[in-house]
Structure formats: structure tokens, C-alpha cells
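Enquirer: Starting from these lines, generate the structure:
(one chain, ligands or ions: 1)
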Amino acid sequence: MTPTPEPAPDSYKRAAIIGGGVIGVSWAGLFLARGIDVVINDPRGDIEDLVRAGLEEITPALAELGLSTENLTAGLSFEADLAAAVAGADIVQENGPERLELKQRIWQTVEQNAPAHALLATSTSSIPATAIAKAMTRPERLIVGHPFNPPHLVPLVEIVPGEKTSEETVRQATAFYAALGKKPQVLRKEVPGFVANRLQSAIFRECVYLVAQGVVTEQELDDIVTSSIGLRWAVAGPFRTFHLGGGPGGLPHFIEHLGRAMEAGMWPVLGSPTFDDTTVATLIDQANAAFGDGTVEELAAERDRAQIALMRALGETPGSATSHG
Ligand SMILES: NC(=O)c1ccc[n+]([C@@H]2O[C@H](COP(=O)([O-])OP(=O)(O)OC[C@H]3O[C@@H](n4cnc5c(N)ncnc54)[C@H](O)[C@@H]3O)[C@@H](O)[C@H]2O)c1
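Expert: Predicted coordinates:
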């Protein structure tokens, strides 16, 4: 088979966004701000209003990131027929519901109708590309491009090849997301939940346990995180942190000195909470007390402003990457 030529990132002119919900809108905003035309495919009757409202909401953040938001929606269109929506796409980013059979159906139609050069990526946060691509005739074309919510803001995109995904697709996806200003990271194996969400899940389990046990409140726990490991991990991940924690002996010394104590004294006593009625009631009461003053939209806007300021301080705003538009 003749290999499909790999388009340079600047040749991405048209994107098909399948599923215009939380993630689809965010990708759409970023693509449009990068000068890529976007076609939205979503069966909801009110999808156009929803997407336009969603884009309006994230426009200030896109502008704050240094991206062009003038006439942001000039290149936006809607197409309810999936085959027609992907027919002219250079990139198809699927953000439909997290259901295997539905994603399999969507991707069968996409591969029959998208151009041969198009990059085919699913935003799934848990389903392996191997499973979705089982129903495809060319599974080598599909890849997971898993963003961290919201994709227009957070740099990471986990690129997770399936068993049959080709090297060329991996390269194509890596180059595309990097050119968008993202930080693509290719995983070496498919694991449930990929990496960032597994880490969040492990930490959140302990957070729920500590609050359920009455060790701290939600507000106190959040303050502990943002004033210690949150700040620290924005500049040095857990391994680099503990390499430094080992002093001149680095990580080897850390493992001997503190790591073994952590293994013996801490790992066995970490919590395994459940979302039983009492725990859920405690979590909800405390969330109302701690966060009830503002709407979620207001709190999200506040978080986004602080996140952008932090990214700017770290030189991680997309403005510093290759520009498309
Ligand atoms: N929300 C997150 O934090 C997050 C983060 C990363 C990845 N993801 C992944 O992104 C995907 C979408 O998640 P979301 O949170 O945006 O969900 P969502 O419910 O907000 O949006 C899903 C959209 O898909 C549409 N849809 C339903 N059937 C469809 C079909 N047949 N064809 C096209 N569109 C269809 C729905 O109308 C809806 O607008 C999921 O695979 C999810 O795992 C979510």
C-alpha cells in the first residue's frame, strides 16, 4: 500500500468536530482561533445555539492566551450528516458520548467518508483506540488525542496509539497538537484512564478519604494542595521533586531514605473510601459551604485567569508555539 503523505501542520485548514459538548466546544474555539475552519456534527436540535454560547464564554480566555478572536466564528459551520461533515476534513476530532458501540459506529462512517490524508483522533478519556478501531477497516488511522479539560487552555494532550495505530499516525498527531500550541505526550502502552486521569483518581481517592474521616475540610484540603504540591508540581513533577528531595544523592538516596519508609508506613494506610450516602452528604455540604458563593461559571473564569497567569509565568502559553493562522 502506498503510504499516505503526511501533511505539514500548516496544511490543516478544515476540522470536523464530532460532538459539540463540553470538549467539542473547547476544541472548536482553539481550532478557530488558530485559523482552522470548523464543522460541528452533533444530533442535538439546539446545537448551534449551545456551541455559539459556549464559544462566547471561552473567547476571553482565548484572547488572554494571545490567540486571535476577531471574527472567531467566521469559519464555523454545522452539518448534521456525519458523512458530509467529515468529507472535506484535514482533522477529525471526535468528542461524542463515552460509549464504545457509538464511537465504533461513528468511526466506521468517518473512515469511509473522510479524505485519505485526514488525521483521525478521538478525545475519549477511557476507551482504548484498539477497542474503537475494531470496527474499522484501517485501524492504523485512529489515535486517541485525549485533552485535559478544557482543551483550549490546558497544554497536555495524551496521545495513545492503539495496537494497530501506525507510527505515521502517531507522528502526524504529535506534530498537529504541537503546532496548535499543545504539549502532546505519547503513551507507550494503552492503560485504562491513561496517565493524567489515573493520577488524579489516585489523589482524589485519598482526598475523599481525608475529608470523610474528618481530618480536614474540603476547603482546608484544597488550600493544602494549592499551597504545596500544586505549586510544586507546576514546575517539577513528582519524580524530579523527589530527586531533589534526596539531596546530593538524588532519587536513589530518596528511595532508600524516605521512599522505603513511605512504602512501609504510608502506602498500607492510604484510604479506600466509597461514595456511600454519608460520604456524599459530607462532600456536598462542604462544597456548598466552600464554593457556594459564586456560580460555577464565575469560579471557572476566575480559575482560568489564574491558570493563564501561571502558564504565562512559566512560558507555557500557546502564543509561544508555532502559529497556524
Ligand atoms: N469532560 C471532560 O472533562 C473530558 C475530558 C477529556 C476527554 N473527554 C472525552 O470527550 C468526549 C466528550 O465528552 P464531553 O464531556 O464533551 O461530553 P458532553 O456530554 O458534554 O458532549 C457530548 C456531545 O456529543 C453529542 N452526541 C451524542 N450522540 C452523538 C452522535 N451520534 N454523533 C455526534 N455527537 C453526538 C451530544 O449531543 C453532546 O453534545 C468523551 O469521549 C469524553 O470521555 C471529556
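
Enquirer: So what touches the helix or strand harbouring Ala202?
Expert: Here Ala202 sits within helix 196-212, counting by DSSP states H and E. By Cβ atoms under 8 Å, 6 or more residues apart in numbering, the surrounding residues in contact with helix 196-212 are 125-126, 148, 156, 158, 191-193, 216-218, 221, 270-273, 275, 278-279, 282-283, 286. For the C-beta atoms, the positions are set from N, CA and C on the backbone; glycine is no exception.

Enquirer: Quickly check: that helix near the ligand or not.
Expert: No. Using Cβ under 6 Å from any ligand atom, helix 196-212 stays clear of the ligand, coming no nearer than 8.1 Å.

Enquirer: Show me which positions of that helix end up buried.
Expert: For helix 196-212, the neighbour count (16 or more other Cβ atoms under 10 Å) marks Ala196, Asn197, Cys207, Val208, Tyr209, Leu210, Val211, Ala212 as buried.

Enquirer: Spatially nearest residue to Asp42 (excluding sequence neighbours)?
Expert: Distance criterion Cβ to Cβ, 6 or more residues apart in numbering; nearest residue to Asp42, sequence neighbours excluded, is Gly20 at 4.2 Å.

Enquirer: Can you name the residues that contact the one you found?
Expert: Contacts here follow Cβ under 8 Å, 6+ apart; on that basis Gly20 touches Ala28, Ile40, Asn41, Asp42, Arg44, Ile47, Leu50, Val51, Gly54, Asn95.

Enquirer: which of those residues sit farthest apart?
Expert: Asn41 and Gly54 (15.4 Å; Cβ to Cβ).

Enquirer: Which one's more surrounded, these two?
Expert: The neighbour count for Asn41 versus Gly54, taken as other Cβ atoms under 10 Å, is higher for Asn41 (26 against 18).

Enquirer: what about that one, distance to the ligand?
Expert: Plainly put, Asn41 is 5 Å away from the ligand if you go by Cβ to the nearest ligand atom, to the nearest Å.

Enquirer: Surely that residue and Ala80 touch.
Expert: Yes. Assessed by Cβ atoms under 8 Å, Asn41 is found in contact with Ala80 at 6.9 Å.

Enquirer: Quickly list the domain ranges of this protein.
Expert: Domain assignment for the chain, taken from automatic domain parsing, gives 9-186, 196-293.

Enquirer: Can I get those domains in CSV including mean pLDDT?
Expert: As requested, the domains of the chain are exported to CSV (pLDDT from 0 to 100):
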stretch, mean pLDDT
domain 9-186, 96
domain 196-293, 96
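
Enquirer: returning to what we had before: can you tell me which of the buried residues of helix 196-212 lies closest to Phe242?
Expert: Ala196 (18.8 Å).

Enquirer: ok but Ile17 is inside a strand, no?
Expert: Yes. The assignment for Ile17 (DSSP: H, G, I helix; E, B strand; the rest coil) places it in a strand.

Enquirer: who does it bridge with?
Expert: In this entry, Ile17 is beta-bridged to Ile40, Gln93, by DSSP bridges.

Enquirer: ok, which residues in the stretch 101-250 of the chain are in contact with the ligand?
Expert: Within the stretch 101-250 of the chain, the residues that sit near the ligand (Cβ under 6 Å from any ligand atom) are Leu102, Ile106, Ser123, Thr124, Ser125, His146, Pro147, Asn149.

Enquirer: give the contact list for the first one.
Expert: What that stands for is Leu102. Contacts of Leu102 by Cβ under 8 Å, 6+ apart are Gly96.

Enquirer: Show me what counts as buried in the helix or strand hosting it.
Expert: Per DSSP H and E: Leu102 is located in helix 100-113. Within helix 100-113, the residues that count as buried by 16+ other Cβ under 10 Å are Lys103, Gln104, Ile106, Trp107, Thr109, Val110, Glu111, Asn113.

Enquirer: Hmm, Thr130 and the second one touching each other?
Expert: In other words, Gln104. No. Applying Cβ under 8 Å, one finds Gln104 not in contact with Thr130, separated by 11.6 Å.
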